[in-house]
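# Model the structure of this input:
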Amino acid sequence: KLATLYAPDASVVMAGFPEERGRDAIQKSDQDMLDKNSNLATAPVRTWSKGNMLVVEFVTTGTDKATGKPWGVDALDILTFDDDGLVTKDHTYVDIVTILKQTGAYKGKTPGRPIYGLPKTALEMHVSRGDAAEDANVANVKALNAAWSKLDDKTALAFYSDDVVTNDLADDQARDKKWMREDLVAAKKALKDPAWKDWTLFGVEDFTIDEGEFSFTQTGDFVHGKVRIPNKKKTVTGHSVEIDQWKDGKVVKSWTWSNLLEFAVQLGIGPGAPKPPEKAPQAKKDVPPKK
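Numbers count the residues shown, from 1 in each chain. Model prediction:
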């Protein structure tokens, strides 16, 4: 039933995983999810729509059959529909590391986000007005991205209100502007050549939705709070979505969805780190008899 909601040649991409193309591949992926979990449930929290695109923030919960432990995460879908109402493109963002921490499959050095429950409030819906205010917010996002790419902390932080609340859904808690400033300082010490490429960027009421691909090269140890990533001297490519709420030209609230497993695989750390090869048992040497 889930697969029939998609066009025959639909594309589904979950950040950090290969593309699924066509209904058969989509159905196989959904079945795999059902096979590995019990008590699965999903409910939308908020939506943002413009034209044939719908962005859905949702909570999904379940119990991991391997560990017997429950999990619950806040995730995001960016959906594109055809004129028949079928999904042609589905980009999904969910932090797998959070689920691994919640189920105990991965401990890690930082705590996982608390288990989310299904929303108990009514669905919050936002529809694009297509007005000048939305266009102005989009222009601000482009300027903000340019500042981040230059690691220009003064220009970038000026786009945020002093009491801004940021939520990286791969982090264990909400953060403030002071944390953002410290994070950028740490990035300037550890990274070079940061870049951002927009995939999807549009305004809806006083929100902006910005999906894209970023990359950077690690040149030093990244240290911020409990997060400590030794210098792997590698170039990393990742994908994320940031939804910002604007007021008077400044971001007052911000949410980011990504999958930290992308980093783990590329940097060789955390749950995505390759397992060291097993040591072959050494043959016992012949011991000459004592005289």
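# Going by C-alpha atoms from here, please, whenever you check contacts or count neighbours.
Noted.
# Endpoints of stretch 59-73, how far apart?
End-to-end span of stretch 59-73 (Cα to Cα, to the nearest Å): 6 Å.
# got the contact list for that stretch?
Outside of stretch 59-73, the residues within contact range by Cα atoms under 8 Å, 6 or more residues apart in numbering are 36-45, 74-75, 94-95, 98-99, 102-105, 115-119.
# which of the residues in it are buried?
Neighbour counts over stretch 59-73 (16 or more other Cα atoms under 10 Å) mark 59, 60, 61, 62, 63, 64, 70, 71, 72, 73 as buried.
# from the contacts of stretch 59-73, which ones fall inside strands?
Judged by DSSP state E, strands contain the following of these: 37, 38, 39, 40, 41, 42, 43, 44, 45, 74, 75.
# which among the contacts of stretch 59-73 end up buried?
Neighbour counting by 16+ other Cα under 10 Å classes 37, 42-45, 74-75, 94-95, 98-99, 102-104, 115, 117-118 among the contacts of stretch 59-73 as buried.
# Show me where the stretch 1-150 of the chain has its strands.
Secondary structure of the stretch 1-150 of the chain (DSSP state E, counting those that start in this stretch): strands located at 6-14, 20-21, 37-50, 53-64, 70-81, 87-93, 124-127.
# what stretches of the stretch 1-150 of the chain score poorly on pLDDT?
Within the stretch 1-150 of the chain, no stretch has pLDDT under 70.
# center of this protein - which residue?
Nearest to the geometric centre of the chain sits residue 258, at 0.8 Å (Cα atoms, centre = their mean).
# And for the nearest residue to it once chain neighbours are set aside, the neighbour number?
Spatially, and ignoring its direct neighbours in sequence, residue 258 is nearest to residue 240 (4.6 Å; Cα to Cα, 6 or more residues apart in numbering). Residue 240 has 19 neighbours, counted by other Cα atoms under 10 Å.
# angle of the helix or strand hosting residue 240 against strand 87-93?
In this structure, residue 240 sits in strand 235-247 according to DSSP states H and E. Note on geometry: by axes from the mean of the first three to the mean of the last three Cα atoms, to 10 degrees, strand 235-247 and strand 87-93 are set 100 degrees apart in direction.
# Would you tell me what the next helix or strand after strand 235-247 is?
Next in sequence after strand 235-247, counting helices and strands by DSSP H and E, comes strand 250-258.
# Could you list every helix and strand in contact with that following strand?
Counting contacts by 3 or more Cα pairs under 8 Å, 6 or more residues apart in numbering; DSSP states H and E, strand 250-258 packs against strand 160-168, strand 235-247.
# Fine by me, we can end here.
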